[in-house]
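K.L.:
Sequence and computational prediction follow.
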Amino acid sequence: FVRNAPCFWIGCGNKLQRSSTDRAILTRLNVLCSFWTVAQLGAALYLASTLLFLDDEPGPFKGFTPHFWNLNGAVFSIGALGCLLMIISFCTIRVIRMVDLVGAIRYLWAVLWIMPAEVFFTISLFDYHRVTIVWIQHWWQERTLSWFRERYCEDGTAHTLCIVPIDGGPDYATEDDWCMALHNSTECTDIRDDAQDTMEYSLIIFYTCMGAWGICLLVLLVFMINSLERIITKPIVQKSRETNVPAWLTLPTAGCALVGAIFRYSPSSLLSSSSGADNSWVGLLYLVASGLFMIAALAGWFLSAFSIRRSADKRWKNFAVTLFIGLMAANAVILATIFVSSLTFSGNLGTNVVNEKDRGNVACFVDRSVSCTKCDAENPQDRCPEWSLGEVTQLLQTQLKQSASLAAIFIVYAISVLRFGIVLRKHLSLYQIEYV
């Protein structure tokens, strides 16, 4: 794959042969990775410029509200990761050329840290539940979408007929009433809907292409990890993981804690403790998994910080390794339960939609300052009539898809660390401490 891949006029040199060294292959992979990340960063900057700087009254982040339940958050995050990975790739050119093992180990750890986030945001770029059209419809009148309105609305209607509010807004009974009162026409809804459909089609192509591009980058990262491990050698990589277990587990610890807090306590989550949902324990399980990862990190710190000098030290290390393996096995089971529950609950939402109370609460949380009205109504069923049950269901299904994706990533972490613990226990059982 690497031999036949283009080098984009950067560091081409001689054509790679079948007998090329791992260093030559890694150099070419570094070039390919840099090109891919530059393209990702460019795409993210293009979307950011249309939302932030090409509105009616340009100003950095003025009037812009980020939402990570839609796909724009994934685009911006992938752009940030691409920028970071591009800088790392350029900084490690000398490391590869000089075969600097210390620099190569740091490069390996940087890639291992970035890859899970890249996987998650790449998965998020595929709009399975059509939340893009939900975002477009409810944020259509915002200044951040003015460039898109100018592009997709009929000429001369971007600030008139094309911005008819959902259901006519708070002052009119219907959209036709709004259109007749302000513009003496009944074509507002058709003009707006055509423009929104065209915008959705264009953005879905954009997001899907970025997702496919991200998959290619993930393949390159896997190749880079394999090449780095061959250059560094397996024993050194194993020793590096042993001495850096706390750093290795920092990402899943923080990730599980953040996701668990959002699901358990956020009003935008149907899985929150106050929602009364049957699956409200999913957020709690994420918090438990975070705690187990943290305890495992402390056990890993003990394993790396203390040397074996006598038989008692070996017994303590054996106990720590056994605890380490048990924690990771329990975590794998917990995360697998979360994964299955998220997928099951998401599937159930397709047939059993949320009730009116949850619809109003969730809609007002995500859209209080834009298209929602009556968010202060005492009866939750009367809140935000602009959002339908189907739209809130789409949002929650996307949230559950993200939960399943994160659980799968953390399962890989737990299994990888579990395998590492088993190998470490085997090494400890063969460790000799007798002195002559």
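P.N.:
Now that the structure is in, tell me what you want to look at. Residues are numbered from 1 along each chain as shown.

K.L.:
backbone phi and psi for the residue most central in space within the chain, please?
P.N.:
Ranked by distance to the mean C-alpha position of the chain (Cα atoms, centre = their mean), the top residue is Phe121 at 3.3 Å. Backbone geometry at Phe121, expressed as degrees, to the nearest 10, gives phi -70, psi -30.

K.L.:
State the pLDDT value of Arg192.
P.N.:
The model reports Arg192 with a pLDDT of 94.

K.L.:
From the contact counts, what lies against the host helix or strand of it?
P.N.:
Per DSSP states H and E, Arg192 falls inside helix 188-232. On a contact count with 3 or more Cβ pairs under 8 Å, 6 or more residues apart in numbering; DSSP states H and E, helix 188-232 meets helix 22-52, helix 71-91, helix 101-124, helix 131-138, helix 146-152, helix 175-183. No exception for glycine: its C-beta is placed from N, CA and C like everyone else's.

K.L.:
average pLDDT for the fourth one?
P.N.:
By that I understand helix 131-138. pLDDT averaged over helix 131-138 gives 90.

K.L.:
do the longest one as well
P.N.:
Model confidence over helix 22-52, given as mean pLDDT, is 86.

K.L.:
wait, which of the helices and strands packed on helix 188-232 is closest to Val219?
P.N.:
Val219 lies closest to helix 22-52 among the helices and strands packed on helix 188-232, at 9.8 Å (Cβ to Cβ).

K.L.:
on that earlier part again, may I see the buried residues of the helix or strand just after the helix holding Arg192?
P.N.:
Scanning forward in sequence from helix 188-232 by DSSP H and E, the next helix or strand is helix 234-243. Neighbour-count burial for helix 234-243 flags Val237, Ser240, Arg241, Glu242 (criterion: 16 or more other Cβ atoms under 10 Å).

K.L.:
farthest pair in these?
P.N.:
It's Val237 and Glu242 that sit farthest apart of those, by Cβ to Cβ, at 9.8 Å.

K.L.:
Next, the buried residues of stretch 109-124.
P.N.:
109-112, 114-124.

K.L.:
and if you look at stretch 33-53?
P.N.:
Buried, per 16+ other Cβ under 10 Å, within stretch 33-53: 33-41, 43-44, 47-48, 50-52.

K.L.:
where does Phe410 sit relative to Val119, distance-wise?
P.N.:
Going from Phe410 to Val119 by Cβ to Cβ, to the nearest Å gives 11 Å.

K.L.:
Could you do Thr208 as well?
P.N.:
When Thr208 is compared with Val119 (using Cβ to Cβ), they lie 17 Å apart.

K.L.:
same thing with Ile96?
P.N.:
With Cβ to Cβ as the criterion, Ile96 and Val119 are 24 Å apart.

K.L.:
One more: Val321?
P.N.:
For Val321, the distance to Val119 - Cβ to Cβ - is 29 Å.

K.L.:
got it, and Pro246?
P.N.:
22 Å.

K.L.:
Equivalent analysis for Glu200, please.
P.N.:
26 Å.

K.L.:
do the same with Gly283
P.N.:
22 Å.

K.L.:
Kindly report the same for Glu154.
P.N.:
Counting by Cβ to Cβ - Glu154 and Val119 are separated by 41 Å.

K.L.:
Repeat that for Gly103.
P.N.:
25 Å.

K.L.:
was I right about the residue nearest to the centre of the chain contacting Ser77?
P.N.:
Yes - look at Phe121 against Ser77 with Cβ atoms under 8 Å: they come within range, at 4.8 Å.
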